[in-house]
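Undergrad: Just the structure for this:
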Amino acid sequence: MANFFTRLLHPHRYTSNPTSGLIQWPGDSGTEYPYTIYPIDAPFHAVPGNFIYAKQAADGRWIPIYIAQTRDLRQRLEGKIRLEEAKAHGATHIHADYCSAGQSARCTEEKDLIHRWQPVCNEVFKNGPA
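TA: Numbers count the residues shown, from 1 in each chain. Next up is the predicted model:
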């Protein structure tokens, strides 16, 4: 019950450590996922993971623009939008979470975060589970 009221009063709360470039993004389930913050054009290794195109508000809060999972963070091709579209919506950074636990785990994380944050470029998920 406390979790419900916390989310009701602070629906977009997450834990961030600005000196280390780390952020804990909470999902709808309450699970927190660790992400590392990079410039939006940062190169990545060809490893599986989840990523968030995000922008930072004037007050320092991060706002997710697009959340997705991929088999290859270098290419990020499984996403339904391109980098240019995310930038057009204000994205300035990419938050990445390397995940070798398999596609099912990545998809669960992706949906959990999308349901909590409802990013503008993830409209397909706004009306219910994917």
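Undergrad: Could you check how far stretch 24-37 is from the centre of its chain?
TA: Centroid separation between stretch 24-37 and its chain, computed with CA atoms, centre = their mean, to the nearest Å, is 8 Å.
Undergrad: Looking at that stretch now, give me its mean pLDDT.
TA: Averaged across stretch 24-37, the pLDDT comes to 96.
Undergrad: Just the buried residues of it, please?
TA: Neighbour counts using 16 or more other CB atoms under 10 Å place 25-27, 33, 35, 37 of stretch 24-37 among the buried residues. All C-beta spots, glycine's among them, are computed from the backbone N, C-alpha and C.
Undergrad: so who does the residue nearest in space to the middle of the chain touch?
TA: Centroid-nearest residue in the chain, with CA atoms, centre = their mean: residue 52, separated by 3.3 Å. The neighbours of residue 52, taking CB atoms under 8 Å, 6 or more residues apart in numbering as the test, are 25, 35, 64-67, 94-96, 113, 119.
Undergrad: Can you tell me the SS state at it?
TA: Classification of residue 52 using DSSP: H, G, I helix; E, B strand; the rest coil returns strand.
Undergrad: Find the nearest non-adjacent residue to it, please.
TA: Of all residues not flanking residue 52 in the chain, residue 95 sits nearest, at 4.2 Å (CB to CB, 6 or more residues apart in numbering).
Undergrad: Can you spell out which residues form a bridge with that neighbour?
TA: residue 37, residue 52 (DSSP bridges).
Undergrad: Am I right that it is in contact with residue 36?
TA: Yes. Counting by CB atoms under 8 Å, residue 95 sits close enough to residue 36 to count as a contact (6.9 Å).
Undergrad: got the CA coordinates for stretch 44-56 in CSV?
TA: In CSV, the C-alpha atoms belonging to stretch 44-56 read as follows (Å, rounded to 0.1, in the frame of the first residue of the first chain):
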residue,chain,number,x,y,z
PHE,A,44,28.8,0.7,-27.6
HIS,A,45,30.1,-2.8,-27.8
ALA,A,46,27.9,-5.4,-29.6
VAL,A,47,26.3,-6.8,-26.4
PRO,A,48,22.7,-7.2,-25.4
GLY,A,49,21.0,-4.8,-23.1
ASN,A,50,18.3,-2.2,-22.6
PHE,A,51,18.6,1.5,-23.4
ILE,A,52,16.7,4.7,-22.7
TYR,A,53,17.0,7.8,-24.9
ALA,A,54,16.5,10.6,-22.4
LYS,A,55,16.7,14.3,-21.8
GLN,A,56,17.5,16.2,-18.7
